[in-house]
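>>> have a look at this fold, sequence not included:
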Ligand SMILES: Cc1ncc(C[n+]2csc(CCOP(=O)(O)OP(=O)(O)O)c2C)c(N)n1
Ligand SMILES: Cc1ncc(C[n+]2csc(CCOP(=O)(O)OP(=O)(O)O)c2C)c(N)n1
Ligand SMILES: [Mg+2]
Ligand SMILES: [Mg+2]
């Protein structure tokens, strides 16, 4: 597998965008740090799945999205929902089951969505959103817009039937989707290589859908931005989907309850050194950006996160009459007429 | 897509096998002709799906199978079940719903099976048998046999999720399966090209499972034999699955009730000229085989078919107490203890 | 009033809605030029063209998945799943995604989509092409479930399903596709959630759905000859369920039977029987008796299939035995 | 008697069967070195090695499909489907293939396979990871359905499921995995199709399954303080269904309640209520009342989930109201 050097055409983000990508990564990192703390305090029930170490993908793609574009992601979705501009407070509140949660407490950690920001859901059944993303893109195409859909999923998702069906349909119908496989090398606890017939679970399958393989460094926000820029402009121009495989790594376990002991120490260390935020910070500094700008971002991210978390913690839990609300479009939950 | 010239190594069948392949093709052709007549007489209820024009695939593969090997095919399965040696009479009887049917009348035309001959079922939900075939092969591997599984499906089946999951699993586990896509260019009434992202729905996807593409002329029994021989020996040697795409065409519609008006006349004519039986007959004759041998085969095929059909027609319908039999392994159908 | 077959009525119901609302689109296998393998979409491709009537690959998850995504973003997709049995191949999309998304997102999105499918037996298609699966859908919160018994209802309930803002499973019955009957002229829309009394009778109530409605009606005529006067209720939709009409009919007769094409265990009649028991216990003279297929996969041979699915004879025999 | 958690009991039941029968194999996502995401397979990989305990890709159709093929040809596969909700992604394999193949082939093959899955709510996992789906399986002819409530039964019924020659859906309950209780020493196999009376009482009968059994038992203690003496039946298997034990218990008390974790419509209690009505009508003093979750997808927030799933309080309140 050779990767196609997308971004040989100039596609690098402008400086303001790059600083914004840094800012978003820092916000996401800080948000998730707080989520983990809340989890360890016993306030996030069930579990949650962090993208720590994978933030460059979310921000590099999102920087290419416009209002009206849609994002569909997985249970590992904090980064993607935040990157579209969703409220941190409402996200915290959802994670801890409060009435002010994004979903009023009904969805929980695995289903974060903010439709007003184009975040059309986090999907907890592996692969299910891949055909759904195709449908969102079909709607954009049918309505004659130049809207684009970004659809994120893991390496493990490439082995499920819905991936195959969704990719084929999107390719045949030339739908405006940017499929992004976040290859973090593991399913839950099993290395992807041990259950996949190809080395690059997404890129090595692109041609099965008539697409060019695109294999990129998912820990470099600039690289992600450039690949996404090209994919988005193809999609907006009516040239159909792109399948990007972004290589990355999660710093923590699969979910908050996973100590991730199954990973070789050397591998973990190697990837910790490739931290997308550290890399990006150094690059911006090396290029001459004033460190105070970045420090200011770092500090205010923590402040914003802290404020959002406090507000969420102060919010009430939902009232039980919510249970039978919003099954149907009329707001009710009745199955009798 | 370039096809891999499987069979550059000597793998041609010996003369006795070749005559037998001819004989099987003629039997299948004659059998299905009679099925169609029975259908037009109103004796085959629902429908049935003929392989007329596609017989070379069934016989070319089956000639490489041994007792203990398994065959899984689709509702378009007469050819494959016959090629394993199943009784024509019991098949006719099943098609017309008689007690002496292969399945006692319970399965009908879409589910023909003869486990004693290794014909482990015809599957009526597109693609479902692809993972099942992998499971049969897993069993062969686990039991340390050199048994092989032949799994036949259509071009349309390559777009369903089960195809993707089954192929990946078989490849990762190096299972002894010979997957054969019978590409007859159509789903039911829709050309496969209009809904598939690649030109060769199976061959262009082989590499997505780490397999070499194998694209062959499915109307040439010798070519099929050679490709299957190589695939079977790989499988028996523990080298895993092969995915063969055999290009072919059905002479009739999708099912007996389909007049197949959606196909361009020129296309139909071209393929009628590529009739696998005519081609094979001419070749055998050109190579010096005495015509009387072949004529003898032709005549006795018709006789055998006629006899089988008559016997089936004389058989009784099942008794209604059969309904609650054989749900469970104890022969019963009771859901209460 | 035009005479239409049930299959024509399906096409007409969709055509009516596509004509008035450009956000209605149809997708599925062979639904375009081929007009569906049951010819339930005749004329649509010609009238509305390939961007509104789209052929898909054999990818049921993608069909329903695409419908979900499109419905979330302004379209009103009608997704064809050829045989109801194939719902199993996309059940995650139906039961986990379409049904739950609005609730999980606390109303952030609505999903006005319809899945139209060929349900039911009687055509000797065997165990994987003949199931009556309304009960699968009824068991899943978040799905509306429609199963018409007449061409007029096929038309009017399909139009209503398309206008409905929630996910609807519309079960066409394959054994009814050729049935011809009159359909109201002009725009025709029925309401979801309303059962209809097809026959008034004072002695017993037969609760039936889809292809079992004409059988219940035929049985009622035979029962009349035996001095039993039967009410026949056509449920039409299982969700929302018109318990008012059901309870009223059952309370009037005191004796009720369900006539279900599905296998016994957890057929739709189980829920209705349990509701009647809980909510009309005092009015019941006898328990609700369920007439169903045996709890086995449906066999293919004619003689077997015919005796598995409730027949007019079996309905009559059951009622007569219980009323003896 | 050893004390085991329910999750350890699952592992022990499989270990017992793998130890005695080399044709028993286990496959699923993360079942190998990781021992399953719920640690229900601890020790198996180490004891039986990678050829008998196989990690799979995230391919539920391939997992169940492979189990079907292997079962047809001499193995006794145990297939793990991590959360019961994911059965929807392979429902065709479960409901159309595994359940029907033997019947369609008129007995030419047998399918001794078990699907083990993590069922049920209470852990705030939300609508797609918390469903109680025994009713989906019960509705499909050709599947046996097992849902134990104790570690001893998890062990013994799983062993029985593995020995059973037919496809069995084994619903482990996630909220019970941590429960610890004694399990018989030595070889332990329970029979499928036998309900157990967990508490004898003369006034009312509570019919419960899996995680609802301990709740029904707790409710019975509270009810006793109110002078109501409850029988609690643990159904244990829905197919085969032990109607004899159910009918006997219900006939003795004349009043019965189902306690179901599933949403209302077509929960397993609907079938049992309809059976009781049809077959014990005379013995009933009052209709069977069903205590279920509301017919909505299960919400995630603790306060919402807790009030959706039948609680001890709700069970008591319902019984007290009905017996007032
Ligand atoms: C259909 C389905 N099967 C299994 C699971 C359980 N599960 C949740 S996340 C996960 C691993 C997914 O791996 P990958 O796609 O690589 O995404 P990652 O978590 O690494 O981001 C599994 C198996 C699921 N949610 N849905
Ligand atoms: C899951 C599923 N979807 C749809 C169908 C209906 N169907 C039966 S055959 C067929 C076409 C199959 O085409 P192909 O795989 O090319 O096989 P062929 O019939 O040409 O041999 C379709 C759509 C089905 N049986 N199963
Ligand atoms: Mg991963
Ligand atoms: Mg074809």
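In hand now; what should we look at? As the structure is a computational prediction, the values presented were derived from the model and not from experiment. Ligands and ions are numbered 1, 2, ... in the order given.

>>> and the stretch 51-200 of chain A, which residues reach ligand 1?
Proximity of the stretch 51-200 of chain A to ligand 1 (Cβ under 6 Å from any ligand atom) is limited to residues A:76, A:124-126, A:153-157, A:160, A:182, A:184, A:186-188. Using the backbone N, CA and C atoms, a C-beta is placed for each residue, glycine as well.

>>> among those, name the ones in helices.
Assignment to helices by DSSP state H places none of these there.

>>> what is the nearest of those residues to residue A:29?
residue A:76 (14.3 Å; Cβ to Cβ).

>>> wait, doesn't the closest one sit right on residue A:51?
Yes. Between residue A:76 and residue A:51 there is a contact under Cβ atoms under 8 Å: 5.6 Å.

>>> the more surrounded of the two?
residue A:51 (29 against 25; other Cβ atoms under 10 Å in any protein chain shown).

>>> ok, and the closest non-adjacent residue to the more buried one?
residue A:79 (4.0 Å; Cβ to Cβ, 6 or more residues apart in numbering or on different chains).

>>> pLDDT (mean, whole number) over whichever strand or helix holds that neighbour?
Residue A:79 belongs to helix A:78-83 when elements are defined using DSSP states H and E. The pLDDT scores in helix A:78-83 average 98.

>>> helices and strands around the helix or strand following that helix, which ones?
Downstream of helix A:78-83, the next assigned helix or strand under DSSP H and E is helix A:88-95. Secondary-structure packing of helix A:88-95 (3 or more Cβ pairs under 8 Å, 6 or more residues apart in numbering or on different chains; DSSP states H and E): helix A:15-40, helix A:78-83, helix A:291-314.

>>> tell me which residues are up against helix A:88-95.
A:27, A:31, A:34-35, A:38, A:44, A:48, A:78, A:81-82, A:99-103, A:105, A:107-109, A:112, A:114, A:304-305, A:307-309, A:311-313, A:315 (Cβ atoms under 8 Å, 6 or more residues apart in numbering or on different chains).

>>> quick one, domains of chain C?
For chain C, automatic domain parsing gives the domain ranges C:2-183, C:196-323.

>>> just name the most buried of the ones you listed.
Neighbour counts (mean count of other Cβ atoms under 10 Å in any protein chain shown) averaged over each of the domains of chain C peak at domain C:2-183, with a mean of 24.

>>> show me what contacts residue 197?
Using chain A here. B:167, B:168, B:171, B:172, B:208, B:209, B:210, B:211.

>>> that's the other chain; I wanted chain C
Contacts of residue C:197 (Cβ under 8 Å, 6+ apart): C:231, C:232, C:233, C:234, C:245, C:249.

>>> just to be sure, which of those are found in strands?
C:231, C:232, C:233, C:234 (DSSP state E).

>>> returning to what we had before: filter the contacts of residue C:197 down to the ones near ligand 1?
Within the contacts of residue C:197, nothing lies near ligand 1 by Cβ under 6 Å from any ligand atom.

>>> closest to ligand 1 out of those residues?
residue C:234 (38.6 Å; Cβ to the nearest ligand atom).

>>> surely that closest one meets residue C:213?
Yes. Between residue C:234 and residue C:213 a contact is recorded at 4.7 Å, counting by Cβ under 8 Å.

>>> who touches both of these two?
Common neighbours of residue C:234 and residue C:213 (Cβ under 8 Å, 6+ apart) are C:149, C:198.

>>> what residue in the stretch 201-324 of chain C comes nearest to ligand 2?
residue C:300 (14.8 Å).

>>> list the contacts of the spatially closest residue to that residue that is not a sequence neighbour.
Spatial nearest neighbour of residue C:300, chain neighbours left out: residue B:108 (2.8 Å); criterion: Cβ to Cβ, 6+ apart. By Cβ under 8 Å, 6+ apart, the contact list for residue B:108 reads B:45, B:46, B:94, B:95, B:97, C:124, C:125, C:126, C:300, C:301.
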